[in-house]
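# Give me coordinates for this.
(one chain, ligands or ions: 1)
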Amino acid sequence: MLTAKNLSVAGRLNDVTSALEPSRITAICGPNGAGKSTLLDLLAGLEKPDTGKVLLGETPLATLSPHERGRRLGYLPQTAQIAWDVPVRSLVELGRMPHGDNNRAPVDDAMTALDITALADRRAQSLSGGETARVLLARVLAGEPEWILADEPLAALDLAHQLALLRHLRAAADGGTGVVLVLHDLALAMNHADHVVVLDRGRIAANGTCKDALDTQIIERVWKVAAHWIGEPGQRALVT
Ligand SMILES: Nc1ncnc2c1ncn2[C@@H]1O[C@H](COP(=O)(O)OP(=O)(O)OP(=O)(O)O)[C@@H](O)[C@H]1O
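Residues are numbered from 1 along each chain as shown. The predicted structure follows:
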């Protein structure tokens, strides 16, 4: 369990308490500025709350060494950039750094899952935006973290790569990994998450199953948009 207990950060998160379960995909949704990235940064231990704490199991995240945090939590920021112009494969291999090994299998698996094997020898800074996003995600997956914390991981991906990544994340969740995704696309959250946390102005506005948390009344209250869902479960579309 990854627990955010009574967190607050001045002006950004105001008393957020939420528990995230392993073996499922949790979507964090909410309007611009609601505090989604702030919450993810706190869950990843990259930012310290003014009050409250984050627990990984029973252990306060703040007491873990950066090394252990890096091994257990795989984090992909919203505006991920590649600082070093190394070959793509070397960049993905950096995902193994917290383990101190050069285990090839998880690196190969991650590169296959993100369809970047053909890019292995390309210089990282020569890639397109979507290719860059896939490479950085592969680095996270190569670390085989207990938790994947990703801020808008699907935003730069084309449809086929979105679906491939979602299949991979589902397989990871089925294997016990906790997957936490910040998503703006409410239909992706509705169709692919198991659980949704809706943030509104730094507070939790809804926390439950996709159907409950993304109920049209909540969408109207939080996003100020009148909308309705159409289609079958798993294939729903939001019509405004
Ligand atoms: N380092 C910071 N210092 C002060 N305020 C910040 C900082 N980073 C973000 N904020 C503010 O905190 C609020 C929440 O920001 P956050 O990035 O968590 O929102 P978000 O829900 O991820 O938004 P978006 O959908 O636009 O990415 C915003 O009003 C933002 O301007």
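
# Where does the spatially most central residue of the chain sit, in terms of helix or strand?
The C-alpha lying nearest the average C-alpha coordinate of the chain belongs to residue 150 (CA atoms, centre = their mean; 2.3 Å). Taking DSSP states H and E as the criterion, residue 150 maps to strand 147-151.

# What is that strand packed up against?
Using 3 or more CB pairs under 8 Å, 6 or more residues apart in numbering; DSSP states H and E as the contact criterion, the neighbours of strand 147-151 among helices and strands are helix 36-43, strand 73-76, helix 129-142, strand 178-182. Every residue, glycine included, has its C-beta placed from N, CA and C.

# Mean pLDDT and distance to residue 54 added to those, as JSON lines?
Putting these into JSON lines (pLDDT from 0 to 100; distance: least, CB to CB, whole Å) gives the following:
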{"stretch": "helix 36-43", "mean pLDDT": "95", "distance to residue 54": "6"}
{"stretch": "strand 73-76", "mean pLDDT": "94", "distance to residue 54": "10"}
{"stretch": "helix 129-142", "mean pLDDT": "91", "distance to residue 54": "19"}
{"stretch": "strand 178-182", "mean pLDDT": "97", "distance to residue 54": "12"}
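
# Show residues contacting the helix or strand following the strand holding residue 150.
Going down the chain from strand 147-151, the next helix or strand is helix 159-174, by DSSP H and E. The contact list for helix 159-174, computed with CB atoms under 8 Å, 6 or more residues apart in numbering, reads 23-25, 113-115, 130, 134, 137, 141, 148, 153-154, 157, 179, 181, 188, 192, 194.

# Separate out the buried members of those residues.
Among these, those buried by neighbour count (16 or more other CB atoms under 10 Å) are 24-25, 113-115, 134, 137, 141, 148, 153-154, 157, 179, 181, 188, 192.

# Bridged to residue 178, which residues?
residue 147 (DSSP bridges).

# Which residues of the chain lie near the ligand?
Taking CB under 6 Å from any ligand atom as the test, the list of the chain residues beside the ligand reads 12, 30, 32, 33, 34, 35, 36, 37, 38, 78.

# host element of residue 8?
Using DSSP H and E, the element containing residue 8 is strand 2-9.

# How far off centre is that strand?
The chain centroid and the centroid of strand 2-9 are separated by 17 Å, computed with CA atoms, centre = their mean, to the nearest Å.

# That one to helix 36-43, inter-axis angle?
For strand 2-9 against helix 36-43, the angle by axes from the mean of the first three to the mean of the last three CA atoms, to 10 degrees is 120 degrees.
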